[in-house]
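J.: From the sequence below, what's the structure:
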Amino acid sequence: MEIDADLRRKTAVSAAAVGISLVTFTAIGLAFSEEIPNGGIAFSNTGGFAVVAALVGFIFLMAGIGVWLDNTTADTAETDDADPTE
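T.: As a prediction, this is how the structure comes out:
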């Protein structure tokens, strides 16, 4: 299987989005965790809302990236499909 420029771009953009999401989840875990009296660590209520917001944001981010990549790929495919015999 040949890896062309479009596939590399799609992979890099998707991997960057996943990396950003992982950093976001880590930051939420560090910022909103608190120690509980019996020696454990738990999220505060605000931390729970932040995790849900980050999940929703990740879903919208990946959907937006998918639409953007599909549109940019479709634009390049239309210009590449020109029949030289016409």
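J.: for the spatially most central residue of the chain, what are its contacts?
T.: The centre of the chain sits closest to residue 17, judged by CA atoms, centre = their mean, with a distance of 3.2 Å. Going by CB atoms under 8 Å, 6 or more residues apart in numbering, residue 17 touches 58, 61-62, 65. For the C-beta atoms, the positions are set from N, CA and C on the backbone; glycine is no exception.
J.: low pLDDT regions in this protein?
T.: Across the chain, the ranges flagged by pLDDT under 70 are 74-86.
J.: now the helices for it?
T.: Along the chain, the segments classed as helices by DSSP state H run 5-32, 45-80.
J.: Turn the ones you listed into JSON lines, columns for distance to residue 38.
T.: JSON lines is the format used below for the helices of the chain (distance: least, CB to CB, whole Å):
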{"stretch": "helix 5-32", "distance to residue 38": "19"}
{"stretch": "helix 45-80", "distance to residue 38": "18"}
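J.: coming back round to it: could you turn the buried ones of the contacts of residue 17 into a ChimeraX selection?
T.: Selection of buried members from these for ChimeraX, criterion 16 or more other CB atoms under 10 Å:
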select :58,61
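J.: I'd guessed residue 41 sits against residue 32; true?
T.: No. Look at residue 41 against residue 32 with CB atoms under 8 Å: they stay out of range, at 10.6 Å.
J.: neighbour-wise, which of these two wins?
T.: residue 32 (17 against 9; other CB atoms under 10 Å).
J.: wait, that one sits on residue 49?
T.: No. With contact defined as CB under 8 Å, residue 32 does not count as touching residue 49 (9.0 Å).
J.: Distance of residue 45 relative to residue 28?
T.: 13 Å (CB to CB, to the nearest Å).
J.: Between those two, which has more neighbouring residues?
T.: residue 28 (19 against 8).
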